[in-house]
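# Dropping a prediction and its sequence here:
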Amino acid sequence: MRVIVVGGGVVGTMHAWQAVQRGHEVVQIEREAEARGASLRNFGQIWVSGRAGGEELDTALRARELWERIGAEVPGLGFRAIGSLTPVRNAREYAVAEAAVARPDAAARGYRLVTAEEAREINPALRGAFQAALWCERDAAVEPRTAQLHLREALKATGRYTFLPGREVREVAGPGAVRDDHGDIHRGDAVVLATGAWLSGLVRELVPDLPVRRVRLQMMQTAPLGERLTTSVADADSFRYYPAYKSAALDELNAGQAQAPIAAAHKMQLLMVQRLDGGLTIGDTHEYEHPFAFDTLEDPYEHLTEVVESFLGRPLPKIRHRWAGVYAQCTDTTRVVHRQQVADGVWLVTGPGGRGMTCSPAIAETTANELGW
């Protein structure tokens with residue numbers, strides 16, 4: 001079988017991986033010289049802890065297994081089974097963490113409520129003031145800026161993979177075929193459009209009423225911390241954002257403890273992961289209304305800095321990078337992904353939202369199974 005994958009981000013690359021692993025030939029087409037969207041501009045978290053139960057959690061857990069397996073084959077991914085800690089500071093936040101540990105699926109997530117002292121044993125860099133922490137053993141991390149590069153090198157080594165950058169696919173040219181802006185037609189037994197947040201052009205023509213929206217976020221990265229951050233770290237505002245934490249205790253938190261004004265205005269939470277070079281990737285904000293702003297705002301960065309420094313008990317290293325990114329999210333946020341046949345032999349796979357990096361291996365596996373690869 002010959003598979004054409006359109007899109008060089010992590011969702012597209014994982015579809016290429018699935019096809020090649022199953023013995024097929026793959027041509028992957030990317031409109032840029034390299035993917036430059038949300039697949040690079042993210043935390044690199046394999047984030048199981050906050051996922052909704054049912055299909056979303058099942059997908060995340062399966063993806064976590066696949067990431068670990070692929071990471072063993074492709075060491076350059078930098079796969080690390082580091083887990084996560086969410087420090088809590090008062091009785092309301094503690095109650096939300098306690099309710100999470102009481103979930104029927106808590107063991108599958110690796111949830112455990114730990115004291116502040118136990119949290120510091122797990123992650124000695126957390127020297128700030130907090131009461132306790134929610135530990136999630138199943139969370140992990142990879143290196144988002146280089147993951148696709150290393151995956152492609154492994155794919156090329158099979159002899160059944162071709163990467164064609166700098167080509168924008170403009171139209172469907174027949175069953176299982178697309179034409180790019182060089183005028184070349186690429187034919188296969190199946191075409192997967194994994195175009196991420198690029199929802200205009202061909203995607204709009206094929207699906208004018210696509211139930212997917214774009215979301216913008218701001219993030220930053222520091223110079224090396226100078227010590228290991230042995231887990232990823234979230235704050236209690238993440239309880240408000242992720243569906244796994246819905247409970248009566250969360251309702252009480254929302255009713256009785258308002259977010260900081262800046263955090264509320266920008267729909268913020270803290271997520272933080274250390275890169276292999278020692279720097280910290282920190283975010284994030286959420287913007288849903290179009291048109292998006294073209295600039296980044298400083299107030300959210302200042303808020304995040306204050307939160308991080310309060311957990312670390314020390315000044316944050318110098319900020320070296322600030323950026324904004326856009327990802328695609330199903331308008332029905334309970335859906336893991338939008339997968340649709342849009343023409344004969346052509347499927348669109350988009351809209352995983354903030355789950356893209358976490359769930360992409362399992363999303364691609366499901367596509368491959370459903371298409372009979």
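Noted; the coordinates are in hand.
# Just give me the neighbour total for the spatially closest residue to Asp105 that is not a sequence neighbour.
Nearest residue to Asp105 in three dimensions, chain neighbours excluded: Gly53, at 5.5 Å (Cβ to Cβ, 6 or more residues apart in numbering). Just so you know, the C-beta spots here come from the backbone N, C-alpha and C atoms, and that holds for glycine as well. Neighbours of Gly53 under the rule other Cβ atoms under 10 Å: 15.
# ok so Gly53 is a strand residue?
No - going by DSSP: H, G, I helix; E, B strand; the rest coil, the assignment for Gly53 is coil, not a strand.
# What distance do you get for it to Tyr245?
Using Cβ to Cβ, to the nearest Å, Gly53 is found at 11 Å from Tyr245.
# again, but for Pro124
From Pro124 to Tyr245 the distance is 26 Å (Cβ to Cβ).
# got it, and Arg112?
Taken as Cβ to Cβ, the span from Arg112 to Tyr245 is 15 Å.
# So which of the two has more stuff around it?
More neighbours surround Tyr245 than the other of Arg112 and Tyr245, with 23 against 17 (other Cβ under 10 Å).
# contacting residues for the closest residue in space to that one that isn't next to it in sequence?
Nearest residue to Tyr245, sequence neighbours excluded (Cβ to Cβ, 6+ apart): Phe239, at 4.2 Å. Going by Cβ atoms under 8 Å, 6 or more residues apart in numbering, Phe239 touches 86, 93, 96-97, 245, 250, 253.
# What about those, which are in strands?
Counted as lying in strands by DSSP state E, out of these, are Thr86.
# For Arg41, give me the pLDDT.
Arg41 is assigned 82 on the pLDDT scale.
# in what helix or strand does it lie?
Using DSSP states H and E, Arg41 sits within no helix or strand.
# Wait, Val3 touches Ala194, no?
No - using Cβ atoms under 8 Å, Val3 makes no contact with Ala194, being 11.3 Å away.
# Now for the two: what residues contact both?
In contact with both Val3 and Ala194: His15, using Cβ under 8 Å, 6+ apart.
# who touches the residue sitting nearest the centre point of the chain in this structure?
Against the mean C-alpha coordinate of the chain, by Cα atoms, centre = their mean, the closest residue is Met357 at 3.3 Å. Residues near Met357 by Cβ under 8 Å, 6+ apart: 10, 38-39, 42-47, 142, 144.
# among those residues, who's most crowded?
Result: Val10 is most packed of those (other Cβ under 10 Å), 32 neighbours.
# Any idea how many residues pack against the closest residue to Leu206 other than its chain neighbours?
Closest residue to Leu206 apart from its sequence neighbours, by Cβ to Cβ, 6+ apart: Val342 at 4.3 Å. Using other Cβ under 10 Å, Val342 has 17 neighbouring residues.
# quick one on the thing from earlier: check which helix or strand covers the residue nearest to the centre of the chain.
Met357 belongs to helix 356-371, assigned by DSSP H and E.
# How far off centre is that helix?
Relative to the chain's own centre, helix 356-371 is displaced by 13 Å; criterion: Cα atoms, centre = their mean, to the nearest Å.
# Let me know the average pLDDT across that helix.
For helix 356-371, the per-residue pLDDT averages 97.
# Buried residues of it, list them for me.
356-368, 371 (16 or more other Cβ atoms under 10 Å).
# Also stretch 196-209?
For stretch 196-209, by 16+ other Cβ under 10 Å, it's 196-199, 202-203, 206-207.
# Tell me the one among the residues you listed nearest to Ile282.
Ala197 (21.5 Å; Cβ to Cβ).
# so what secondary structure elements neighbour the helix or strand hosting Ala107?
Element membership for Ala107, per DSSP H and E: helix 106-109. Judged by 3 or more Cβ pairs under 8 Å, 6 or more residues apart in numbering; DSSP states H and E, helix 106-109 is in contact with helix 55-73.
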